[in-house]
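Novice: Provided below are the primary sequence and the corresponding predicted coordinates.
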Amino acid sequence: MAAADSPSAALRRRDLCSRGIRLAGKMRSDVIDLLDTYVERQGLDASASVAAVEGVPAAAAERWDEQTGTQRLLDNLAAYRAFRALLAQMLEEQREQLGEADAALGRALAAVLLQVSAFAYHLEELLRLESRGPPSEEGAGPPPPPHLGLFERKLRGLGVLRELAQWAVRSARDLRQLAKPGPGSSSAPSPAESP
């Protein structure tokens, strides 16, 4: 019996998934609050249309129901590692742009950045439990920030936060799927599980 399939490993996986679901819910709530603050402080329209942002992974997944548990974790980890770098860029830009004039926005960005980092670590723990270590971060992350004007940077930040909110929803869904008992939780779905 593989270590990842032992009863204690299954309990540990369910516990980590439950905690991860709570973390994702808290993160989504905080990101939604941050979005409201960000839109207000940056002088943006909340309904502004934002094109896909380079370096921001899309939460929507084709054939989501066909993904293995490990693939879900790897996708999530890649996304949160990218968000960690993007939020750090946003925080630096916000500090350069406003200095300490808007400390509340800076604190909120820093708090979400910390949550994203903690969630990435949590995903790494789940991958270790699945008998697969997390991939290295070499070469990972978004491309260097493009030279954008102030307004374009504001819109890029809006896009990053919106997509992060979507990822928090997807992550909770992925972790719920992974927490389900049975072979479909960490391997390919069985025919009985497929639609």
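Specialist: The structure has been received and is ready for your questions.
Novice: Grab the most central residue of the chain for me.
Specialist: residue 80 (3.9 Å; Cα atoms, centre = their mean).
Novice: Could you pull up the contacting residues of it?
Specialist: Residues near residue 80 by Cβ atoms under 8 Å, 6 or more residues apart in numbering: 116, 119, 120, 123, 167. All C-beta spots, glycine's among them, are computed from the backbone N, C-alpha and C.
Novice: Can you list the low-confidence ranges for the protein?
Specialist: Along the chain, the parts satisfying pLDDT under 70 run over 1-5, 98-101, 133, 137-146, 182-195.
Novice: For it, just list every one of the helices.
Specialist: In the chain, the helices defined using DSSP state H lie at 7-42, 69-98, 103-129, 150-179.
Novice: what's the closest of the ones you listed to residue 55?
Specialist: Taking Cβ to Cβ, helix 69-98 is the member of the helices of the chain nearest to residue 55, at 6.0 Å.
Novice: if we can go back for a sec, relative to residue 85, how far out is the residue nearest to the residue nearest to the centre of the chain when sequence neighbours are not counted?
Specialist: Using Cβ to Cβ, 6 or more residues apart in numbering and skipping the chain neighbours, the partner closest in space to residue 80 is residue 120 (4.1 Å). Counting by Cβ to Cβ, to the nearest Å, the gap from residue 120 to residue 85 is 11 Å.
Novice: just to revisit the earlier point, mind checking which of the contacts of residue 80 are buried?
Specialist: 116, 119, 120, 123, 167 (16 or more other Cβ atoms under 10 Å).
Novice: Looking at those residues, which is nearest residue 15?
Specialist: Closest approach between the buried ones among the contacts of residue 80 and residue 15, by Cβ to Cβ: residue 123, at 14.5 Å.
Novice: Chain neighbours aside, what residue packs nearest to that closest one?
Specialist: Closest to residue 123 by Cβ to Cβ, 6+ apart is residue 77, at 4.5 Å.
Novice: I figured the one you found hits residue 121, correct?
Specialist: No - using Cβ atoms under 8 Å, residue 77 is not in contact with residue 121; the gap is 9.7 Å.
Novice: quick one, which of these two is more surrounded?
Specialist: residue 77 (22 against 12; other Cβ atoms under 10 Å).
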